[in-house]
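Visitor: Take this sequence and fold it.
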Amino acid sequence: MNKPLTDVELLRRLVAFDSTSCYSNRPIVEFILDYVDDARVRVIQNESNENDKMNLLLAIGPNAPNENEGLILSGHMDVVPANEPEWRTDPFTLAEAEETYIGRGTSDMKGFLALAINRFRTCINKKLTKPLVLLLTFDEEVGLLGAQHFVKTWQNEIMLPQSAIIGEPTSLRIVRMHKGHLTMRLMTRGLPAHSSLPHLGSSAIEPMARIITALAGFRETFEAERNDYSAFFPDTAGPTFNMGTIEGGSAINVIPDRCTLGLGVRLLPEMDHEAFPWRLEKELSEQAVGIEY
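Guide: Got it, this is the predicted structure:
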């Protein structure tokens, strides 16, 4: 193996990779593979459908005979763009100020990656009685795409432990679980015409306004729901529902032919995400003429 790096040195190297989600993550993957290169490490490169990105799974110790043994350390390698005008340093060069490390992804989540990779590397020389797995994913920041791809394509080459530590920054508080995230788009269609001849057209925005009013009432009822997991979310004990974006029309003097509403829904564990769209359709059955899912 290559010479070990301190946690800060490794963090500096990881931050230096511009692993923004819009780019291939192969450079950072190749660096990690080189850093932990050892015959005792079992390596699986789980490539994306486009072959430009990959999830990386590294395992040491025995292959678990059942899922109750061992531990997974998991995090994502991608970062969000560093386009904020407030940057006073190069976002891809680790800087330090007042005992704080500054750089794109330092907290979310290359700091965890540095710690996890170094702990993993240290354990290579130990006689582990249970497996230790590093699972590093791509495109978390744009919709958990890497994790979804891993779940869909995993062929059970290595028995994975059931216990996992996910390195998302939580202010050093343990988070036992998280709500699910469901995104939807509702669309109303109209008939375009010049605004001087409204009888020739039909606005798509007006029915969307009625839908938004109906959804506001639905949200109050929906967010009041509780189940056995509500106690784990003291700030928002129920599911949440957000009307996040709306877009419609092309010009003030044109009757809009379509309007689109973007929804974000965070469901409690064990709530049926597949049934939710049908539930929403039922709620909107009287107002939702022309909605496309």
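
Visitor: Which parts of the protein are helices?
Guide: Counting by DSSP state H, one finds helices in the chain at the ranges 7-15, 26-35, 111-123, 145-153, 205-222, 276-283.

Visitor: Now render these as CSV, adding mean neighbour count and distance to residue 47.
Guide: Every residue, glycine included, has its C-beta placed from N, CA and C. As requested, the helices of the chain are exported to CSV (neighbours: other Cβ atoms under 10 Å; distance: least, Cβ to Cβ, whole Å):
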stretch, mean neighbour count, distance to residue 47
helix 7-15, 19, 21
helix 26-35, 17, 10
helix 111-123, 19, 20
helix 145-153, 16, 9
helix 205-222, 15, 39
helix 276-283, 14, 31
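
Visitor: Is residue 47 bridged to anything, and to what?
Guide: Using DSSP bridges, the bridge partners assigned to residue 47 are residue 54.

Visitor: That one contacts residue 29, doesn't it?
Guide: No - here residue 47 does not reach residue 29: they are 10.0 Å apart, not a contact under Cβ atoms under 8 Å.

Visitor: Of all the helices of the chain, which one is nearest residue 102?
Guide: Smallest distance to residue 102 across the helices of the chain (Cβ to Cβ): 9.3 Å, for helix 7-15.

Visitor: got the angle for that closest one vs helix 111-123?
Guide: Helix 7-15 runs at 120 degrees relative to helix 111-123, counting by axes from the mean of the first three to the mean of the last three Cα atoms, to 10 degrees.

Visitor: With mean pLDDT added, can I get the helices of the chain in TSV?
Guide: Listed next are the helices of the chain as TSV, based on pLDDT from 0 to 100:
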stretch	mean pLDDT
helix 7-15	97
helix 26-35	97
helix 111-123	97
helix 145-153	93
helix 205-222	93
helix 276-283	89
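
Visitor: can you tell which of the ones you listed is closest to residue 256?
Guide: Of all the helices of the chain, helix 205-222 sits nearest to residue 256, with 5.1 Å by Cβ to Cβ.

Visitor: Which strands or helices does the closest one pack on?
Guide: Judged by 3 or more Cβ pairs under 8 Å, 6 or more residues apart in numbering; DSSP states H and E, the packing partners of helix 205-222 are strand 180-189, strand 240-248, strand 258-267, helix 276-283.

Visitor: what's the shortest one packed up against?
Guide: What that stands for is helix 276-283. By 3+ Cβ pairs under 8 Å, 6+ apart, helix 276-283 packs against strand 180-189, helix 205-222.

Visitor: related to what we said a few turns ago, could you tell me which residues touch both of residue 47 and residue 29?
Guide: When contacts are counted by Cβ atoms under 8 Å, 6 or more residues apart in numbering, residue 47 and residue 29 are jointly contacted by residue 54.

Visitor: Figure out which of the helices of the chain is closest to residue 252.
Guide: Across those, residue 252 has its closest neighbour in helix 205-222 (11.9 Å, Cβ to Cβ).

Visitor: Tabulate the CA atom coordinates of the closest one in PDB.
Guide: C-alpha atoms of helix 205-222 as PDB (Å, rounded to 0.1, in the frame of the first residue of the first chain):
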ATOM      1  CA  ILE A 205     -53.200  28.400 -14.700                       C
ATOM      2  CA  GLU A 206     -56.800  28.900 -13.400                       C
ATOM      3  CA  PRO A 207     -57.500  25.200 -12.800                       C
ATOM      4  CA  MET A 208     -54.000  24.900 -11.200                       C
ATOM      5  CA  ALA A 209     -55.000  27.600  -8.800                       C
ATOM      6  CA  ARG A 210     -58.000  25.600  -7.700                       C
ATOM      7  CA  ILE A 211     -55.800  22.500  -7.300                       C
ATOM      8  CA  ILE A 212     -53.300  24.500  -5.100                       C
ATOM      9  CA  THR A 213     -56.200  25.600  -2.900                       C
ATOM     10  CA  ALA A 214     -57.300  22.000  -2.600                       C
ATOM     11  CA  LEU A 215     -53.800  20.700  -1.900                       C
ATOM     12  CA  ALA A 216     -53.400  23.300   0.900                       C
ATOM     13  CA  GLY A 217     -56.400  21.800   2.700                       C
ATOM     14  CA  PHE A 218     -55.000  18.300   2.000                       C
ATOM     15  CA  ARG A 219     -51.700  19.200   3.500                       C
ATOM     16  CA  GLU A 220     -53.100  20.200   6.800                       C
ATOM     17  CA  THR A 221     -54.900  16.800   7.200                       C
ATOM     18  CA  PHE A 222     -51.900  14.800   5.800                       C
END
